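Participant: Here is my input, please return the structure:
(one chain, ligands or ions: 1)
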Amino acid sequence: MPDSGLLKDNIALVTGSSRGIGAAIAKLFARQGAKVAVHGRDATALSAVRAEIEQAGGRAMQVIADVSKFSEIETMRRRIEQELGPIDVLVANAGGSFTRPGPLEETSEEGWRASLDGNLTATFLTIKSFLPGMKERRAGNIITVSSAAARRPHPGSPIPYAAAKAGIEILTQDLAAQVGPYGIRANCIAPETILTERNKQRIPETEREALVDLHPIRRLGTPNDVAQAALYLASDSATWITGIVLDVAGGSVMV
Ligand SMILES: NC(=O)c1ccc[n+]([C@@H]2O[C@H](COP(=O)([O-])OP(=O)(O)OC[C@H]3O[C@@H](n4cnc5c(N)ncnc54)[C@H](OP(=O)(O)O)[C@@H]3O)[C@@H](O)[C@H]2O)c1
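Facilitator: Numbering: from 1, shown residues only. Predicted coordinates:
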């Protein structure tokens, strides 16, 4: 059953919610009363997230699309609109890192292009598909996802990923300026390292301790930390907040 209904009567799409941060956002939004389209490419993982939402009394559907392909996003949008209705809250979360950190001249052109495509272009294409309907309805709420990698140079951040995420930040701010008069808000969340299942496997315990030391709040972030920030931005508590980049970083980023 919904927790306290902060997103009651809202329809939300969270891209990249088959796992990780997106799954946490989808589940929290559903607990707060939103009908949620759960999205990704892995049908089995999507079914598990949808089932969890439904078992908790929420409403969800699952959709598959490669968000680097506009035609697939358009097909997905039409399916969601048919089944749930037009989207009120769009969380463009799908993305990831496609290269190792390292010297720029050793970064492959393919890695560069994959990073731009899978983050900046994917976010652009997702918003491009859903924005006309929001403008027509003169309502909507868009949340994009950057990274602490885009907030300051860091040797552990792959340059293509950092650059793509920095692009998402200014895209979000330009968008916020354009669509504010239509009653649409657009904000960006920039998380530091989050202990998703994937990162738990990737980052050994010893390395985690060193990472924790970089945070004034002495722990790493959880998917739920990011989900709570997304809920705030999506909710009516934030109706006068648009065009911000919200660092969800335990104090490790202060811009
Ligand atoms: N985890 C962190 O520490 C961290 C920190 C800062 C920023 N971020 C950002 O937060 C977002 C979520 O990260 P995460 O760690 O939760 O990632 P994750 O566990 O790797 O999950 C990524 C999600 O995005 C989907 N996805 C990726 N590319 C896609 C594409 N081209 N088309 C469709 N779906 C696609 C995946 O779908 P399938 O798996 O079903 O294919 C999956 O649902 C990303 O934008 C990431 O850059 C993460």
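Participant: contacting residues around Thr196?
Facilitator: Thr196 makes contact with 19-21, 223 under the criterion C-beta atoms under 8 Å, 6 or more residues apart in numbering. (Glycine included, C-beta is placed from N, CA and C.)
Participant: Which of these ranks first by neighbour count?
Facilitator: Using other C-beta atoms under 10 Å as the neighbour test, those are led by Ile21, with 27 neighbours.
Participant: which non-adjacent residue is nearest Asp42?
Facilitator: Ser18 (5.0 Å; C-beta to C-beta, 6 or more residues apart in numbering).
Participant: ditto for Phe124
Facilitator: Leu171 (6.4 Å).
Participant: Surely Ala186 is in a strand?
Facilitator: Yes: with DSSP: H, G, I helix; E, B strand; the rest coil as the criterion, Ala186 is part of a strand.
Participant: count of residues packed around it?
Facilitator: Ala186: 28 surrounding residues under other C-beta under 10 Å.
Participant: quick one: it and Ile170 touch, right?
Facilitator: No: using C-beta atoms under 8 Å, Ala186 is not in contact with Ile170; the gap is 11.5 Å.
Participant: Assign the closest residue to the ligand within the stretch 51-200 of the chain to helix, strand or coil.
Facilitator: Using C-beta to the nearest ligand atom, the closest approach of the stretch 51-200 of the chain to the ligand is made by Gly95 at 2.8 Å. Three-state call for Gly95 (three-state DSSP): coil.
Participant: OK, contacts around Gly20?
Facilitator: Shown in contact with Gly20 (C-beta under 8 Å, 6+ apart): 194, 196-198, 223.
Participant: how far away is it from the ligand?
Facilitator: Separation of Gly20 from the ligand (C-beta to the nearest ligand atom, to the nearest Å) stands at 2 Å.
Participant: Please give me every residue in contact with the residue positioned nearest the centre of the chain.
Facilitator: The residue lying closest to the centre of the chain (C-alpha atoms, centre = their mean) is Asn93, at 2.2 Å. Asn93 makes contact with 14-17, 21-22, 25, 143, 145 under the criterion C-beta under 8 Å, 6+ apart.
Participant: which helices and strands sit right next to the one helix or strand Leu125 maps to?
Facilitator: Using DSSP states H and E, the element containing Leu125 is helix 122-137. Contacts defined by 3 or more C-beta pairs under 8 Å, 6 or more residues apart in numbering; DSSP states H and E place helix 122-137 against helix 70-83, strand 89-92, strand 140-145, helix 159-179, strand 184-191.
Participant: buried ones in the fourth one?
Facilitator: Within helix 159-179, the residues that qualify as buried are 159-169, 171-173, 175-176, 179, counting by 16 or more other C-beta atoms under 10 Å.
Participant: gap between Ile159 and Leu171?
Facilitator: 18 Å (C-beta to C-beta, to the nearest Å).
Participant: for the ligand, what are the nearby residues on this structure?
Facilitator: For the chain, the residues in contact with the ligand (C-beta under 6 Å from any ligand atom) are 16-22, 40-42, 45, 66-68, 93-96, 118, 122, 145, 147, 191, 193-194, 196, 198-199.
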